[in-house]
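Visitor: Could you work out the structure for the sequence below:
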Amino acid sequence: MSSRAWTVACLAGDGVGPELMAETSRVLAEVARLHAFHLDDVHLPFGGEALTRYGHPLPQSTREAYRRADAIFVSSPDDPAFDGVKADLDLGWRVSRVHNGVRGDLVVVEPAGFGTDELAIARAFELAAARRARVTSVSSAPEWDDLVAAEADGWDGLEVEYLSLGGLLTRFRDHPGTVDLVVAGNHLAGAIVDAAAHLAGSLHTVASAWLSASGPGLFAAQVCDADEVAGFGVADATGTLLAASLLLGEGLGARSAGRTLERAVAAAENETTADTRAFTDSVIDNLSAARTDTEHFQEVPR
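Guide: Model (predicted):
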């Protein structure tokens, strides 16, 4: 077995959650094989399914198990129990990634709770340094700008710009693809993500992570299909698989594996299909070609 081994707590719930989780597990197993690490996916009662079986959407056994995991993956983010999981964790910042195969992705970083502004800004700069070395701060408050400027003083070689929300939306319209990473407060981040998803064509292009300086991170798509399509095999798995790529990179530190999965999803999008299994098969088929790293060393897990 690889010396890199992680446990992922899987919360499927009901509706389309179980079928999306099943497809994600297949993909993650293949990514793990390709990148020579081991994932132990532990499936736990959650949401409506847990309510039916145990009388509570978040049984104590589920809470204890996901706190011990290295990461938590939710395939039914619309379930009200999802908010209970977030409240149960010590979360410091949120990362939302809007995927656009033509223009590249956009990353939005925001605080995940009261008093976490500085932590979120620091993590945004760390993430920017691993990407294109560009940070766009969006704010309507001088206090926020001061925090960003103080963090920028500690980084050489990072380009930092300050925009209002209106200025950023104008940039999206007139110069799409020129913004790489945005850091913003909670009251602005949601509007930024929604605008970027609108330009990308669908909220199914958005994946999110809620992260902590200690303890597991939480990963999910922005939306999932309505329960009415459950069981027909037509649920859109795009956002869920992009959330899995975010889990690999930001949750486990297996960044090359996360990039492989993200590129495989982009390749599969070119093969039009409304069939969940067929789309996932296409992602798996594209994994080997999507892998561009040739490293023979182990990445250092976070």
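Visitor: can you list contacts of stretch 106-121?
Guide: With contacts defined as Cβ atoms under 8 Å, 6 or more residues apart in numbering, stretch 106-121 is touched by 91-98, 100, 123-124, 127, 131, 144, 147-148, 151, 179-186, 188-189, 192-193, 196, 210-211, 213. For glycine as for every other residue, the C-beta is placed from the backbone atoms N, C-alpha and C.
Visitor: ditto for stretch 166-180
Guide: 100, 102-104, 106-107, 128, 131-132, 134, 136, 138, 163, 182, 192, 195-196, 199.
Visitor: can you tell me which of those residues are in helices?
Guide: 128, 192, 195-196, 199 (DSSP state H).
Visitor: Show me which of the contacts of stretch 166-180 are buried.
Guide: Those of the contacts of stretch 166-180 that meet the buried threshold are 100, 103, 106-107, 128, 136, 138, 163, 182, 192, 195-196, 199, by 16 or more other Cβ atoms under 10 Å.
Visitor: Kindly reformat those as CSV containing distance to Leu51 and pLDDT.
Guide: As requested, these are exported to CSV (distance: Cβ to Cβ, whole Å; pLDDT from 0 to 100):
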residue, distance to Leu51, pLDDT
Asn100, 37, 81
Arg103, 41, 58
Leu106, 36, 95
Val107, 35, 97
Ala128, 41, 96
Thr136, 42, 98
Val138, 39, 98
Leu163, 44, 97
Val182, 37, 98
Ile192, 34, 97
Ala195, 35, 94
Ala196, 34, 93
Leu199, 38, 88
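Visitor: which two from these end up farthest apart in space?
Guide: The most widely separated members of these, counting by Cβ to Cβ, are Ala128 and Leu199 (20.8 Å).
Visitor: Quick check: His56 vs Glu49, distance?
Guide: Using Cβ to Cβ, to the nearest Å, His56 is found at 11 Å from Glu49.
Visitor: of those two, who's got more company?
Guide: Set His56 next to Glu49 and count neighbours by other Cβ atoms under 10 Å: Glu49 wins out with 21 against 14.
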